[in-house]
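Chemist: below are the sequence and a predicted model for it; my questions follow.
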Amino acid sequence: MNWQAISFDWNQVRAFLATAEEGSFSGAARVLKTTQPTIGRQIGALEEALGVTLVERSVRGLTLTEAGRDLIDHMRSMGEAATLISMVADGKSQDVTGEVTVTGTDLLSAAILPGVLKPLRQMAPGIRVRILASSEMQNLTQREADIAIRHVRPDQPDLIARHLGDFRANLYAATDYLDRASRPRTPRDVAALDFVGNADPERLMAPLHNMGVPVRAESFVMSSESGVVAWELVKAGYGVSMQPETLGEAEPGIEKVLPDFPSLEFPIWLVTHRELQTSRRIRIVFDLLARGLTDVAKRRGVGD
């Protein structure tokens, strides 16, 4: 540990995090139960300690600078760690009870969430999690769910959204299918194979065309609105499908159709409502999901 490099105060980091989350000094002052000038002074002191400008002030409000955007995820990790330290120290995580509803695509819910949420049973055994496996955009503001995992950033101003990273997917097929159909050598060759599609197979055609695979609508011989079903169809040898790399690389009998084919990347957003600021059970689950899904994104991606 390089102790000499730590020249800032945690309260300064907390002020910056609250300002980034709330979008203003006044919003940060409200949630931290302090004053606007105090928030401004703390952020100024943090900028001086780090030697960078973190926020820009204008008539339109506050925006993060490039340095602020580069540092925000690291500071959020500090915030999550500080929350866990406080809860472990006073035992409150053991006392938190109630239900938290998490929604995500069925494939992500089945393949990723069980592992990501596993530490919760020891961390806060009183919290019950209901997983709503759906590709529909559940309405967080109407409390159809407490936390949503999405591939697009919501535009509702009363929601809190955190970008966790970019997930990756690629074209996979069963080894026995490729043995029967003959392995393609070029992206154009891939278009001659059978395809397995998800909810809207034709949505995949444009990006594949841009990547040199002139697939046609009639190439999708099987499709399903369920990502889990589509994945099982791929494993059963029905054809090629765009699937998450975290599954395709780990599944026996499944291989990448073209070893050097570029991955499709798409963002992963963790979204919740403003109750995150006051509900300990939602905060605990949100922070756990943020850490776990970020780790998955750093390794490989998970898609629809």
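Modeler: Everything's here; your move.

Chemist: by mean pLDDT, point me to the weakest helix or strand of this structure.
Modeler: Here the helix or strand of the chain ranked lowest by mean pLDDT, DSSP states H and E is helix 92-95, holding a mean of 58.

Chemist: what lines up beside whichever helix or strand comes after that helix in the sheet?
Modeler: Moving toward the C-terminus from helix 92-95, the next helix or strand (DSSP states H and E) is strand 98-104. Within its sheet, strand 98-104 is paired with strand 127-133 (parallel), strand 147-150 (parallel), according to DSSP bridges.

Chemist: who does whichever helix or strand comes after the shortest one touch, helix- and strand-wise?
Modeler: Downstream of strand 147-150, the first helix or strand assigned by DSSP H and E is strand 159-174. If you count contacts as 3 or more CB pairs under 8 Å, 6 or more residues apart in numbering; DSSP states H and E, strand 159-174 packs onto helix 227-235, strand 241-244, helix 245-248, strand 254-256, strand 264-273, helix 280-299. From N, CA and C alone the C-beta is placed, and that goes for glycine too.

Chemist: so which bits of the helix or strand following strand 159-174 are buried?
Modeler: Later in the chain than strand 159-174, the nearest helix or strand by DSSP H and E is helix 175-181. For helix 175-181, burial by neighbour count (16 or more other CB atoms under 10 Å) applies to Y177, L178.

Chemist: contacts for helix 175-181 next, please.
Modeler: When contacts are defined by CB atoms under 8 Å, 6 or more residues apart in numbering, helix 175-181 is touched by residues L193, D194, G237, Y238, G239, V240, G253, I254, E255, V257.

Chemist: just the C-alphas of that helix, formatted as CSV.
Modeler: Taking Å, rounded to 0.1, in the frame of the first residue of the first chain, the C-alpha atoms of helix 175-181 are listed here in CSV:
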residue,chain,number,x,y,z
THR,A,175,-19.5,-28.4,-32.7
ASP,A,176,-21.7,-31.2,-34.2
TYR,A,177,-23.6,-28.6,-36.2
LEU,A,178,-20.4,-27.2,-37.7
ASP,A,179,-19.2,-30.7,-38.4
ARG,A,180,-22.3,-31.3,-40.4
ALA,A,181,-22.6,-27.9,-42.2
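
Chemist: for the record, mean pLDDT for that helix?
Modeler: Mean pLDDT, helix 175-181: 96.

Chemist: and stretch 252-261, by the same measure?
Modeler: pLDDT averaged over stretch 252-261 gives 95.

Chemist: likewise for stretch 224-238?
Modeler: In this model, stretch 224-238 has an average pLDDT of 94.

Chemist: ok, residues contacting that stretch?
Modeler: Stretch 224-238 is contacted from outside by 105-108, 110, 135, 172-174, 176-177, 180, 194, 196-199, 221-223, 239-241, 243, 247, 251, 253-254, 303-304, using CB under 8 Å, 6+ apart.

Chemist: if we use 7 Å, what do you get?
Modeler: By CB atoms under 7 Å, 6 or more residues apart in numbering, the list of residues contacting stretch 224-238 from outside reads 105-107, 110, 172-174, 176-177, 194, 196-199, 221-222, 241, 243, 247, 251, 253-254, 304.

Chemist: from the opening residue of that stretch to its closing one, how far?
Modeler: 12 Å (CA to CA, to the nearest Å).

Chemist: residue ranges with poor pLDDT in the stretch 151-300 of the chain?
Modeler: Where the stretch 151-300 of the chain drops to pLDDT under 70, the residues are 275, 277, 299-300.

Chemist: how far away is the most centrally placed residue in the chain from Y177?
Modeler: Centroid-nearest residue in the chain: I268, 3.5 Å away (criterion: CA atoms, centre = their mean). Distance of I268 to Y177, given as CB to CB, to the nearest Å: 29 Å.

Chemist: re the thing from before, now the strands paired with strand 98-104 in a markdown table, with distance to T53, mean pLDDT and mean neighbour count?
Modeler: Below are those laid out as a markdown table (distance: least, CB to CB, whole Å; pLDDT from 0 to 100; neighbours: other CB atoms under 10 Å):
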| stretch | distance to T53 | mean pLDDT | mean neighbour count |
| --- | --- | --- | --- |
| strand 127-133 | 39 | 93 | 16 |
| strand 147-150 | 31 | 92 | 22 |
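
Chemist: would you list those strands in a markdown table and tack on distance to L164?
Modeler: What follows is those, written out as a markdown table (distance: least, CB to CB, whole Å):
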| stretch | distance to L164 |
| --- | --- |
| strand 127-133 | 18 |
| strand 147-150 | 9 |
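
Chemist: returning to that earlier point: write the ChimeraX selection for whichever of the contacts of stretch 224-238 are buried.
Modeler: The buried residues among the contacts of stretch 224-238 can be selected in ChimeraX (16+ other CB under 10 Å) with this line:
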select :105,106,107,110,172,173,174,177,194,196,197,198,222,241,243,247,254,304
